[in-house]
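>>> whatever this is, show me its structure:
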Amino acid sequence: MGKIKTHSASSKRFTLTKSGKVKLNHTNRRHKLGLKTAKRKRQLRKTGYLSEAMAPTYRTLISK
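Residues are numbered from 1 along each chain as shown. Below is the predicted model of the structure:
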């Protein structure tokens with residue numbers, strides 16, 4: 001059986017923390033920012049984490 005390859009798109013979007021959580025950046029922060037409220041943009045600035053249900057799937061995709 002061959003090696004499991006890293007999924008390139010996922011490895012660009014997600015990173016693993018030391019504790020094993022899957023870290024991600026929020027979407028909707030690229031354009032049309034004048035329409036969004038300051039509160040919404042401020043909350044999107046923070047780092048997000050995948051839920052524990054989704055994390056194992058993405059860990060296998062981005063493992064090297």
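
>>> tell me, what's the model's pLDDT at the residue nearest the centre of the chain?
Geometric centre of the chain, nearest residue: Leu24, 2.3 Å, by CA atoms, centre = their mean. Predicted confidence (pLDDT) for Leu24: 95.

>>> report the separation between the two terminal residues of stretch 27-46.
End-to-end distance for stretch 27-46: 11 Å, by CA to CA, to the nearest Å.

>>> contacts for that stretch, please.
Outside stretch 27-46, the residues within contact range by CB atoms under 8 Å, 6 or more residues apart in numbering are His26. To be clear about C-beta, it is placed using only N, CA and C from the backbone, and glycine gets the same treatment.

>>> mind listing what's buried along it?
Across stretch 27-46, burial judged by 16 or more other CB atoms under 10 Å covers no residue at all.

>>> nearest residue to Thr6 other than its sequence neighbours?
Leaving out its chain neighbours, the residue that sits closest to Thr6 by CB to CB, 6 or more residues apart in numbering is Lys64, at 5.5 Å.

>>> count the neighbours of the one you found for me.
8 (other CB atoms under 10 Å).

>>> surely it touches Ser8?
No - the criterion here is CB atoms under 8 Å, and Lys64 misses it with Ser8 at 11.6 Å.

>>> what kind of secondary structure is Leu44 in?
At Leu44 the chain is in helix, as set by DSSP: H, G, I helix; E, B strand; the rest coil.

>>> what's the helix or strand for Lys39?
Taking DSSP states H and E as the definition, Lys39 sits inside helix 38-45.

>>> CA atoms only: put that helix into CSV for me.
Provided in CSV are the C-alpha atoms of helix 38-45 (Å, rounded to 0.1, in the frame of the first residue of the first chain):
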residue,chain,number,x,y,z
ALA,A,38,-17.0,46.7,12.1
LYS,A,39,-18.2,44.1,14.6
ARG,A,40,-18.4,41.4,12.0
LYS,A,41,-15.0,42.2,10.5
ARG,A,42,-13.4,42.3,14.0
GLN,A,43,-14.8,38.8,14.8
LEU,A,44,-13.7,37.4,11.5
ARG,A,45,-10.1,38.6,12.2
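
>>> following element in sequence after it, please.
Following helix 38-45 in sequence, per DSSP H and E, is strand 48-49.
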